[in-house]
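Visitor: sequence isn't available, so here's the structure alone:
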């Protein structure tokens, strides 16, 4: 199935809420995972014969394990506050992309099988049996959600559709109806150590190439080390940083920051991936197993600090989940977590975001910049959803917004904000997050990026913005792909540390 | 003792039992079910005190809804605020002597009856007028609004159109509270009002009215943003570490 023909939405000054277009995206679905991909990570190879009973049974198990799911399925009053908040709804008009309607696909089955009202009066309360049609709707529409949590900001009960989508995908995986893109990547991370399937030697080769490029560019021997025992910092970064454009420019930037500050650091060939697609598919075991690689690498290398590169969902997993999953963090009294936490240096936040590290060094005067080196750029900042709404940086709420912006303003002269309501906690997803960054979903990705593209167009028209900085590997890859559909230059997206890299002064610091 | 009196006495005992037991069961169920991961919608408070304030703003002011949609917020806060005043006003039927502050509430509670119905009308209207909300509305969404509007209108009718003997109504409810059933005035408006109220109490634990206790258990709102400082571990997740 090739990606179907579609029309790129027109960008308007005031994005209107679209009229409903039923089934507008009913044909959009990702490739189903093959038998081989599924069984490699412990899921049934293909749709099991008794899928209906199995799926309902699995929903029952999840309801016992996740308070979020139970409360969110009960609490919705259909007020409609979320209906115009999802970028996929705004871009496609498909009513099933309204957050409440997306939730109702699962809620209907929950009501039918787990509530008295749904058992007695299904029609009255919108309860449905789990037919093949409903199952296929789950598959389609739980892969038209990027788990960006924008709806949860605006829900009076904080109902987070990401939790529902994760449960939906987890149920689908449990009956052998998983998505190829995410499950294949999870297989790679287990087998090879990163999402892109770059083996250790290839990685070492790439890093050597980076060192040579930086030397040629700056005349300075900046090191990009791997598997160095006793290094102070273990850097965990998305594997796209090792070779994709523009990602690699941020990797170069991280290395320059550590070099200029005189901090010894290392990458790990074992944990050469910050991304954790276990979260996307809502599977706790996968989420935990993938995260444990980082714990193991940290213990083996004996590092004092763990720092995470520019990656949105990885930062959510690191910041919000690592302490729970792997004991990376502080405040534990159980032997499992204490083993690692006693090794780490708690004068620093564990884990720390690379932006926290850089901003801390800037504030202490440890880094020097030539801001004019970025003068050819007129910059705006795209808040990545998982950083904005599911994590924090620094000591105060909202640090995840202030710190990256502060860094940009410290290294560049031209900065403009996009419109309020499209940034900070209300930021629009790039359209490619949460496990939909795959080519067969291109129509979804292009249409879903429309709200962000509209806000970008405003600052391009008004201020001549030519660079949209972001701190997420998925955002970078997604924008590189979709920008041309909206007549923008694909090269206008890049990382915050790409800007740092451009302006930083290496060598003597006086 | 009329058959109607006995019917309503039994009805209210049953409705109260179902409401209390049903809610207790649901709340205990929410309480027992673990939240394995830290998922506050950020920016979020970093302390428990901050979480309490966030929850207070959410419950008293509908903060998120205010950010989301001013129409729904306005109708929603009108309805809920008015309902609160009306409920407080009704405390006079259950207290003897009437608490002094319930006396103060009386005039406000009276006008609140109209505000409540107006708020409901606004919320209901949106279910017809706004295409997106029409799409997501189920029959039960409409019936719930009809039920609440019916309670409000039948109550207002008894105040302004056809009075009932409220002294006797009070004696009936005080009697119920002492398990000493007193005669209920024979009055069609009152019968309708009380039947609808009992129905609301009965369906509360089985319906979307669970949003009332649910909001307090919403992990995206009730968790503090401190995952790096404190280790958060659900019992079933802790088991995984023993393998």
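Guide: Arrived safely. Predicted model, so just to flag it, every value in this text is computed and none were measured. Residues are numbered from 1 along each chain as shown, chains lettered A, B, ... in the order given.
Visitor: tell me where chain B has helices.
Guide: B:3-32, B:48-56, B:63-68, B:70-90, B:100-129, B:131-136, B:139-160, B:166-177, B:188-203, B:211-214, B:219-222, B:235-240 (DSSP state H).
Visitor: what comes up buried for the first one?
Guide: Right, helix B:3-32. Using 16 or more other Cβ atoms under 10 Å in any protein chain shown as the test for burial, helix B:3-32 gives B:4-5, B:8-9, B:11-12, B:15, B:18-19, B:22-23, B:26-27, B:29-30. Where you see a C-beta, it was placed from the backbone N, CA and C, and this is true even at glycine.
Visitor: where does pLDDT dip in the chain?
Guide: Reading this off chain A. Scanning chain A for pLDDT under 70 picks out A:1-4, A:13-15, A:508-510.
Visitor: sorry, I should have been clearer: chain B.
Guide: Confidence mapping of chain B against pLDDT under 70 gives the ranges B:243.
Visitor: so what's the residue lying closest to residue B:68 once chain neighbours are set aside up against?
Guide: Excluding its sequence neighbours, the residue lying closest to residue B:68 (Cβ to Cβ, 6 or more residues apart in numbering or on different chains) is residue A:154, at 3.6 Å. By Cβ atoms under 8 Å, 6 or more residues apart in numbering or on different chains, residue A:154 lies in contact with A:81-82, A:85, B:64-65, B:67-69.
Visitor: which single one of the residues you listed is nearest to residue B:166?
Guide: residue B:65 (35.4 Å; Cβ to Cβ).
Visitor: looking at it, residue B:234 is touching residue B:36, isn't it?
Guide: Yes - judged on Cβ atoms under 8 Å, residue B:234 makes contact with residue B:36 at a distance of 3.9 Å.
Visitor: overlap in contacts of those two?
Guide: Shared contacts of residue B:234 and residue B:36 (Cβ under 8 Å, 6+ apart): residue A:65.
Visitor: from the buried residues of helix B:3-32, list the ones also adjacent to chain A.
Guide: Restricting the buried residues of helix B:3-32 to those touching chain A (Cβ under 8 Å from any Cβ of the partner chain) yields B:26, B:29-30.
Visitor: from those residues, pick the one nearest residue A:244.
Guide: Nearest to residue A:244 among these is residue B:30, at 43.7 Å by Cβ to Cβ.
Visitor: residues contacting the closest residue to that closest one other than its chain neighbours?
Guide: Excluding the flanking residues, the one nearest residue B:30 by Cβ to Cβ, 6+ apart is residue B:217, at 4.2 Å. By Cβ under 8 Å, 6+ apart, residue B:217 lies in contact with A:67, A:71, B:27, B:30-31.
Visitor: now those residues in JSON lines, with distance to residue B:131?
Guide: JSON lines is the format used below for those (distance: Cβ to Cβ, whole Å):
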{"residue": "A:67", "distance to residue B:131": "33"}
{"residue": "A:71", "distance to residue B:131": "28"}
{"residue": "B:27", "distance to residue B:131": "36"}
{"residue": "B:30", "distance to residue B:131": "34"}
{"residue": "B:31", "distance to residue B:131": "39"}
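Visitor: determine which two of those residues are furthest apart.
Guide: Maximum distance among those (Cβ to Cβ): 11.9 Å, for A:67 and B:27.
Visitor: which residue lies farthest from the center of chain A?
Guide: For chain A, the largest distance from the centre (Cα atoms, centre = their mean) belongs to residue A:120, which lies 41.0 Å off.
Visitor: any idea how far residue A:55 is from it?
Guide: Shown here: residue A:120 relative to residue A:55, a distance of 22 Å by Cβ to Cβ, to the nearest Å.
Visitor: for residue B:67, same thing?
Guide: For residue B:67 relative to residue A:55 (Cβ to Cβ), the value is 35 Å.
Visitor: tell me which of the two has more neighbours.
Guide: Neighbours were counted for residue B:67 and for residue A:55 using other Cβ atoms under 10 Å in any protein chain shown; residue A:55 has more, 23 against 16.
Visitor: and the gap between residue A:347 and chain B?
Guide: 13 Å (Cβ to the nearest Cβ, to the nearest Å).
Visitor: got the contact list for that residue?
Guide: Per Cβ under 8 Å, 6+ apart, neighbours of residue A:347: none.
Visitor: if I've got this straight, it is in a strand?
Guide: No - Residue A:347: not assigned to a strand; according to DSSP: H, G, I helix; E, B strand; the rest coil it is coil.
Visitor: look up phi and psi at it.
Guide: Phi and psi for residue A:347, reported as degrees, to the nearest 10, are phi -70, psi -20.
Visitor: is residue B:168 in contact with residue B:187, as I believe?
Guide: No - using Cβ under 8 Å, residue B:168 is not in contact with residue B:187, being 9.3 Å away.
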